[in-house]
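Asker: test case, fold it:
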Amino acid sequence: MLDKITPLILTYNEAPNIKRTLEKLTWANQVVIIDSYSSDETLEIIAFYPQVNLFQRKFDTHATQWNYGLSQIKSEWVLSLDADYIVSNKLTDEIKGLSEDSPIDGYFIRFKYCVFGKPLRATILPPRQVLFRINKSIYIDDGHTQLLQVQGKSAMLSGYIYHDDRKPLSRWLWAQDRYMIIEVKKLLDTPMSELSWGDRIRKQKLFAPFIILFYCLIFKGGILDGWRGWYYAFERVLAEILLAIHLIEAEQLKEKA
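Answerer: Numbering: from 1, shown residues only. Next comes the predicted model:
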């Protein structure tokens, strides 16, 4: 099965991460990377991996960037990965054993979130469908991120992907600020009846940061991970606070318009 799969990765200034990601993809005949004109050492690191087919495209939205990447792939299957996703050995072995004649068109994979390289007990990141047949799939925009639509049957794999981002906090804050501006537009433009319960709570501004703190530390057991669990919880709380601030700002500007 592995020879039927092309990993697809988006990059922008991912020098702290991309080497670890590519080291776990040496089984692939080809890896397609869509780079948004990185200005750090990302391209120099990628150059050490001859199986990588590199394309550069100015970023506009996640969905269009991913769909552009899909258009560069010739294999039957795609493994779509962020540049800080590390495919575990167990998952690679599991994918290798998949039947090529299976009626399944897409596979969901669970994540283990890492803080400074150590996996946490749990994460709020849900399983994602990252392994799929290219002729059955397309990406659409969803707030600051994207949704994959796969026509056909889906299944869940037991192996994990490690989400292990080693970029500095300043870069995380920069990205979250951009993401939350897009999320605000989604929350304000979508009728309340069409929002998920989570987004309805976020739209109220006040409660989401406290709920996410309890959810990460208590419900998900992050308190048992020591300072790493608190670090992850504080990240998620800070993201919700940024969203609330941007919501207040957008609502005030809308009233004065």
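Asker: show me where this protein dips below the pLDDT cut-off.
Answerer: Along the chain, segments meeting pLDDT under 70 span 257.
Asker: most centrally placed residue in it?
Answerer: residue 82 (5.6 Å; Cα atoms, centre = their mean).
Asker: who does that residue bridge with?
Answerer: residue 10 (DSSP bridges).
Asker: quick one, what contacts it?
Answerer: Shown in contact with residue 82 (Cβ atoms under 8 Å, 6 or more residues apart in numbering): 9-10, 163. For every residue, glycine as well, the C-beta is placed using N, CA and C.
Asker: what does residue 115 give?
Answerer: Going by Cβ under 8 Å, 6+ apart, residue 115 touches 225, 228, 231-232.
Asker: please repeat the previous calculation with a cut-off of 7 Å.
Answerer: Shown in contact with residue 115 (Cβ atoms under 7 Å, 6 or more residues apart in numbering): 228, 231-232.
Asker: so which of the residues you listed is the closest to residue 202?
Answerer: Nearest to residue 202 out of the contacts of residue 115 is residue 232 (Cβ to Cβ; 18.4 Å).
Asker: tell me, how many residues neighbour that closest one?
Answerer: Counted with other Cβ atoms under 10 Å, residues neighbouring residue 232 total 22.
Asker: would you confirm that it contacts residue 120?
Answerer: Yes: using Cβ atoms under 7 Å, residue 232 is in contact with residue 120, at 6.0 Å.
Asker: what do those two both touch?
Answerer: Common contact partners of residue 232 and residue 120 (Cβ under 7 Å, 6+ apart): 113, 222.
Asker: thinking again about what came up before, between the contacts of residue 115, which sits nearest residue 192?
Answerer: Lowest distance from residue 192 to these (Cβ to Cβ) belongs to residue 232, with 29.7 Å.
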